[in-house]
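Enquirer: Here is my input; please provide its structure:
(one chain, ligands or ions: 1)
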Amino acid sequence: AKQPVRVLVTGAAGQIGYALVPMIARGVMLGPDQPVILHMLDIPPAAEALNGVKMELIDAAFPLLKGVVATTDVVEACTGVGVAVMVGGFPRKEGMERKDVMTKNVSIYKSQASALEKHAAANCKVLVVANPANTNALILKEFAPSIPEKNISCLTRLDHNRALGQISERLKVQVCDVKNAIIWGNHSSSQYPDVNHATVKTPSGEKPVRELVKDDAWLNGEFISTVQQRGAAIIKARKLSSALSAASAACDHIRDWVLGTPEGTWVSMGVYSDGSYNVPAGLIYSFPVTCRNGEWTIVQGLPIDEFSRKKMDATAEELSEEKALAYSCLS
Ligand code: NDP
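Expert: Now for the predicted structure:
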């Protein structure tokens, strides 16, 4: 039988955490034959709620769940983990300056980076969900220099899945038949959802999304803004954020990273830029990637038109500014 993998979820008493931990315990993230031990971290004011989540996990009697650690101690939480999903973060509150939020998150990610570096399992894969996700991931990378940069990522898979969902609704096709959308850049409203290379499986073979939609104005306008603003639309409808789809996307992200992307399919992941597509090196930027043997590779050689270039540059620009702001909070 397989040895259990220890999976850390920070901010586990929060909304996303509540949706995410049962998915992990059911094998949605690492597969139906992979036992797991859940490590849940939260801050002291949330300790009681966290313990409640632990009680529910016990009550759910998940066959794959071999143990639960619920703690407010960062070192205990990080010890031995092979996967770390960082959902805990300081939320933007009304009236707060961006710099204030950034200062809080920089200090959280700095201390968690050190704990992961010292105590996580070798080759631990890290996924940052908490916003500003790309920049939090970058801070984590900076303060965990012994964790290889290929092991640190941020979540843009929800945006990617939203793009697939919008195309499937528009064309009235199954979402599983739509693939190869791309989210470029920041997990923020400056992200660029790109379907120039996306295809749909049809009875007469694979067809480009652009050819089937036949409405460039929609694809270049409303489609993009709908994906960019979907989070806000869900908050408006539910009065709560999109925790279910965020948790599901986090599972998709780790599953594809660990178990591989299907042949001919790519997904979007926020990863450390090596300068591909003229994106400044040293940003955590969302690219199209394929995964094999537990490693991602940026899909190379896709033609980029002028419209896309501008949008890719604008979101890179925003990330450079966030990076500068984060560094200014460190000093
Ligand atoms: P959620 O679980 O709803 O969200 C957690 C984080 O994920 C937020 O930063 C949120 O960003 C981000 N996020 C990214 N994508 C999405 C999405 N699609 N939908 C919703 N959120 C998204 O927040 P809660 O407040 O319910 O829970 C946060 C938990 O973190 C709390 O239990 C809190 O105690 C804990 N916490 C832990 C800290 C630590 O570990 N040191 C520090 C501070 C808090 P956004 O804010 O932009 O919505």
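Enquirer: drop to CA atoms for contacts and neighbour counts, all remaining ones
Expert: Fine.
Enquirer: and the lowest-mean-pLDDT helix or strand in the chain, how far from the chain's centre?
Expert: Counting by mean pLDDT, DSSP states H and E, the chain has its least confident helix or strand at helix 98-119, which shows a mean of 92. Relative to its chain's centre, helix 98-119 lies at 17 Å (CA atoms, centre = their mean, to the nearest Å).
Enquirer: I'd like to know which elements it is packed against.
Expert: If contacts are counted by 3 or more CA pairs under 8 Å, 6 or more residues apart in numbering; DSSP states H and E, helix 98-119 sits against helix 74-78, helix 133-142, helix 306-330.
Enquirer: And this protein, split by domain according to the record?
Expert: 5-154, 157-322 (automatic domain parsing).
Enquirer: looking at those domains, which is closest to the ligand?
Expert: For the domains of the chain, proximity to the ligand was assessed by CA to the nearest ligand atom; domain 5-154 is nearest, at 3.2 Å.
Enquirer: picking up where we left off before, include distance to the ligand and mean neighbour count when you put the domains of the chain into CSV, please.
Expert: Below are these laid out as CSV (distance: least, CA to the nearest ligand atom, whole Å; neighbours: other CA atoms under 10 Å):
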stretch, distance to the ligand, mean neighbour count
domain 5-154, 3, 20
domain 157-322, 4, 18
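Enquirer: Of all those domains, which one is nearest Ser328?
Expert: domain 5-154 (8.8 Å; CA to CA).
Enquirer: From one end of the closest one to the other, what's the distance?
Expert: Length of domain 5-154, first residue to last, CA to CA, to the nearest Å: 20 Å.
Enquirer: Relative to the whole chain's centre, how far out is that domain?
Expert: 12 Å.
Enquirer: which residues of the stretch 201-331 of the chain fall in helices?
Expert: Ranges of helices within the stretch 201-331 of the chain are 209-213, 216-220, 222-228, 230-238, 243-259, 306-330, based on DSSP state H, counting those that start in this stretch.
Enquirer: Output the first one as CSV - backbone C-alpha positions only.
Expert: Read it as helix 209-213. Below are the C-alpha coordinates for helix 209-213, written out as CSV (Å, rounded to 0.1, in the frame of the first residue of the first chain):
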residue,chain,number,x,y,z
VAL,A,209,-12.9,28.0,-30.4
ARG,A,210,-12.6,31.1,-32.5
GLU,A,211,-14.0,29.3,-35.5
LEU,A,212,-17.0,27.9,-33.6
VAL,A,213,-17.9,31.1,-31.6
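Enquirer: ok, residues contacting it?
Expert: Ile167, Arg170, Leu171, Val195, Asn196, His197, Ala198, Thr199, Val200, Asp216, Leu219 (CA atoms under 8 Å, 6 or more residues apart in numbering).
Enquirer: still on that earlier bit, what's the angle from the least confident helix or strand of the chain to helix 306-330?
Expert: 80 degrees (axes from the mean of the first three to the mean of the last three CA atoms, to 10 degrees).
Enquirer: as a whole number, average confidence for whichever helix or strand comes after helix 98-119?
Expert: Using DSSP states H and E, the helix or strand that follows helix 98-119 in sequence is strand 125-128. The average pLDDT for strand 125-128 rounds to 98.
Enquirer: what's strand 125-128 in contact with?
Expert: Under CA under 8 Å, 6+ apart, the answer for strand 125-128 is 82-87, 134, 136-137, 151-155, 250, 254.
Enquirer: how about the CA coordinates for it, as CSV?
Expert: Provided in CSV are the C-alpha atoms of strand 125-128 (Å, rounded to 0.1, in the frame of the first residue of the first chain):
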residue,chain,number,x,y,z
LYS,A,125,5.1,21.2,-3.8
VAL,A,126,3.6,24.6,-2.8
LEU,A,127,0.5,26.2,-4.1
VAL,A,128,-0.5,29.7,-3.0
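Enquirer: Please name the strands paired to that strand in the sheet, noting orientation.
Expert: strand 83-86 (parallel), strand 152-154 (parallel) (DSSP bridges).
Enquirer: okay, the ones you listed in TSV with mean pLDDT next?
Expert: Conversion of those to TSV gives the following (pLDDT from 0 to 100):
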stretch	mean pLDDT
strand 83-86	98
strand 152-154	98
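Enquirer: quick one on the thing from earlier: report the inter-axis angle for the least confident helix or strand of the chain versus helix 133-142.
Expert: Following the same axes, to 10 degrees, one obtains 40 degrees for the angle between helix 98-119 and helix 133-142.
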